[in-house]
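A.B. asks: this one's sequence-less:
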C-alpha cells in the first residue's frame, strides 16, 4: 500500500463509469487512505450536480452518488495548512491555486499525485514530481 494524493477527477471516476474508471479504482485500492485537500468534496459534489443539471442522472441518483463519495475514506487536508505552499506554486508556475492545493499536498507528503487532468499532470511533472505524477485515463 502506498500513500497517494488524488484529485477530484480521479475520485469522480470511482463514482461513475467513464474512461479511466478502472484505473482510478485500482489506484485507490492499492493506496493507503487517499489524501486530498478539503476542496475535493465540493469539486466532486459539483460534478455530480452537473450530471443532474444536464439530465444525465436524476436527483435520487445524485444523492446516492453523494453518499458514495462521502463513504470514500479520504484523508482530507486543510486548505488553511496547504495555502502558503499552494499559493507559492500558483505564483511560480502561473497556474490556478485550486490545482496547486493537490500539488502542495503531494509535495508535503512526499507521495504521488493521481489526476485525470492533463494540465495538472504536466504541472506536477514540471514542479518535480516526475514519474510520481500519474495521469489517469
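C.D. replies: Everything's here; your move. Keep in mind it's a predicted model, so treat the numbers as computed, not measured. Numbers count the residues shown, from 1 in each chain.

A.B. asks: Now tell me what touches the one helix or strand residue 10 maps to from outside.
C.D. replies: In this assignment (DSSP states H and E), residue 10 forms part of helix 8-15. The contact list for helix 8-15 (Cβ atoms under 8 Å, 6 or more residues apart in numbering) reads 20-21, 23-25, 27-28, 34, 36, 39-40, 43-44, 47-48, 65, 68-69, 72, 74, 114-117, 136-137. No exception for glycine: its C-beta is placed from N, CA and C like everyone else's.

A.B. asks: Report the buried members of those.
C.D. replies: Judged by neighbour count, with 16 or more other Cβ atoms under 10 Å as the criterion, the buried members of the contacts of helix 8-15 are 20-21, 23-24, 27-28, 34, 36, 39-40, 43-44, 47-48, 65, 69, 72, 74, 114-117, 136-137.

A.B. asks: if you look at those, which of them are in helices?
C.D. replies: The helices in this structure, assigned by DSSP state H, contain 21, 23-24, 27-28, 39-40, 43-44, 47-48, 65, 69 from the buried ones among the contacts of helix 8-15.

A.B. asks: okay, the residues you listed in a markdown table with distance to residue 100 next?
C.D. replies: A markdown table is the format used below for those (distance: Cβ to Cβ, whole Å):
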| residue | distance to residue 100 |
| --- | --- |
| 21 | 26 |
| 23 | 24 |
| 24 | 21 |
| 27 | 21 |
| 28 | 22 |
| 39 | 11 |
| 40 | 14 |
| 43 | 14 |
| 44 | 18 |
| 47 | 19 |
| 48 | 24 |
| 65 | 27 |
| 69 | 22 |
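
A.B. asks: For residue 102, give me its contacts.
C.D. replies: The neighbourhood of residue 102, defined by Cβ under 8 Å, 6+ apart, consists of 5, 7, 36, 37, 113, 115, 120.

A.B. asks: so how far is residue 134 from the last one?
C.D. replies: Distance from residue 120 to residue 134, counting by Cβ to Cβ, to the nearest Å: 11 Å.
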